[in-house]
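In: build the 3D model from these lines:
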Amino acid sequence: MRQLKSDPREGLSMADTLVSLDGVNISFNGSNVLEDVHLRIRRGDFMAILGPNGAGKTTLLKVILGLYKPTAGTVRLFGVESAHFRERYRIGYVPQKAGSFGDFPATVWEVVAAGRIARAGLWRRFDRSDREKIKEALAVLGIENLVRRPVRALSGGQRQRVAIARALAAEPELLLLDEAAEGLDVASEEAFYGLLERLNRERGVSIVLVTHDIGAVSRRVKKVICLNRRIVFAGPPQECLENGKLSLLYGMPVFVPARTERQIRKMSGRRR
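Out: Residues are numbered from 1 along each chain as shown. Now for the predicted structure:
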């Protein structure tokens, strides 16, 4: 039996390392956006990336997606150098304002089905298995009853679920989300983070989430990455909160209040 190589940084089988960045630098117009970034994303991770505006968070996601080429360093995806990686459907992406479909005249089914193209291919007609996977993505997000509705008629929380379902339709092993909860009310936001938690726990999807919502993610994620061009901390969220890492990251005192269920209902104006 062939023995798998191990990841020297974490003692892991390479099969468990979905993304590895080593010494990654990115510069635009002579200005460094990312500097000497070393990062491992493992199978089963649920990770939040925190940092001030301009810290390079979105840039980091785009490096992983292959949209930006590092000026220095290496990026490997599922053990393959990024430049040679072809199975892009294995990485799902929900960008900023992904749920802002505007007046786009499409139904929920059509939007989610578009996400399946990454897996099925542009020129192949959907077969039964493709349609089943689309239905499964809709069911996981709890929006199977909305398939005939135009996306422009949905609430903000529903549109976010459509955006995630579109990404899940390709059956990704890794899901990247860039401030995907922005603009949601408190109750919808809590439901959103709970959904991500279930996707990670029950379906084994590895999740990397860029967010400014420190309080919400600190109760749910397994690991926090504090980024300000460089990674200044990587570890458990509680350790990040207790050791003043956030205050150092943002350059000011940071207080993270806890939210109770009662507070969530009161702030959202809803009852459960």
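In: following the helix or strand harbouring Arg159, which helix or strand comes up?
Out: Per DSSP states H and E, Arg159 falls inside helix 156-168. With elements assigned by DSSP H and E, the helix or strand that comes after helix 156-168 is strand 174-178.
In: for Gly66, list the residues it contacts.
Out: Residues counted as contacts of Gly66 (Cβ atoms under 8 Å, 6 or more residues apart in numbering) are 75, 77, 82-83, 85, 88. (Each C-beta comes from the backbone N, C-alpha and C, glycine too.)
In: ok, it to Gly23 distance?
Out: To Gly23, Gly66 is 18 Å away according to Cβ to Cβ, to the nearest Å.
In: swap in Lys62?
Out: Separation of Lys62 from Gly23 (Cβ to Cβ) stands at 18 Å.
In: quick one: which of the two has more around it?
Out: Lys62 (17 against 12; other Cβ atoms under 10 Å).
In: so what's that one scoring on pLDDT?
Out: On pLDDT, Lys62 comes in at 96.
In: what's the helix or strand for it?
Out: Using DSSP H and E, the element containing Lys62 is helix 57-64.
In: what comes up buried for the next helix or strand after that helix?
Out: Remark: after helix 57-64, the chain's next helix or strand is strand 72-77, criterion DSSP H and E. By neighbour count on 16 or more other Cβ atoms under 10 Å, the buried set for strand 72-77 is 73, 75-77.
In: shaky segments in the protein?
Out: Flagging of the chain using pLDDT under 70 yields the residue ranges 1-15, 98-102, 122-123, 243, 253-272.
In: contact partners for the residue nearest to Glu239 when sequence neighbours are not counted?
Out: Take Glu239 and drop its neighbours on the chain: the residue closest to it by Cβ to Cβ, 6 or more residues apart in numbering is Lys245, 7.8 Å away. Applying Cβ under 8 Å, 6+ apart, we find Lys245 in contact with 226, 232-233, 239.
In: can you redo the residues you listed as TSV with distance to Ile207?
Out: Listed next are these as TSV, based on distance: Cβ to Cβ, whole Å:
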residue	distance to Ile207
Cys226	17
Val232	21
Phe233	19
Glu239	20
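In: tell me where the stretch 1-150 of the chain has helices.
Out: With DSSP state H, counting those that start in this stretch as the criterion, the stretch 1-150 of the chain has helices at 57-64, 108-120, 128-140.
In: before we move on, back to that, roughly how far is the helix holding Lys62 from the heart of the chain?
Out: With Cα atoms, centre = their mean, to the nearest Å as the basis, helix 57-64 stands 11 Å off its chain's centre.
In: begin at 3 from now on, thanks
Out: OK, 3 is where the count begins now, so the last one is helix 59-66.
In: quick one: that helix to strand 176-180, angle?
Out: 150 degrees (axes from the mean of the first three to the mean of the last three Cα atoms, to 10 degrees).
In: neighbours of Leu63, how many?
Out: Number of residues near Leu63 (other Cβ under 10 Å) recorded here: 22.
In: how much space separates it from Trp111?
Out: 27 Å.
In: what's the answer for Arg133, then?
Out: 10 Å.
In: between those two, which is the more surrounded one?
Out: Taking neighbours as other Cβ under 10 Å, Arg133 and Trp111 compare with Trp111 leading, 21 against 13.
In: what's near enough to touch the more buried one?
Out: Contact partners of Trp111, counting by Cβ under 8 Å, 6+ apart, are 136, 140, 149-150.
In: one more pass at 6 Å, please.
Out: Val149 (Cβ atoms under 6 Å, 6 or more residues apart in numbering).
In: now do Ser29
Out: Residues near Ser29 by Cβ under 6 Å, 6+ apart: Thr73.
In: tell me the bridge partners for it.
Out: Applying DSSP bridges to Ser29 gives these bridge partners: Asn34.
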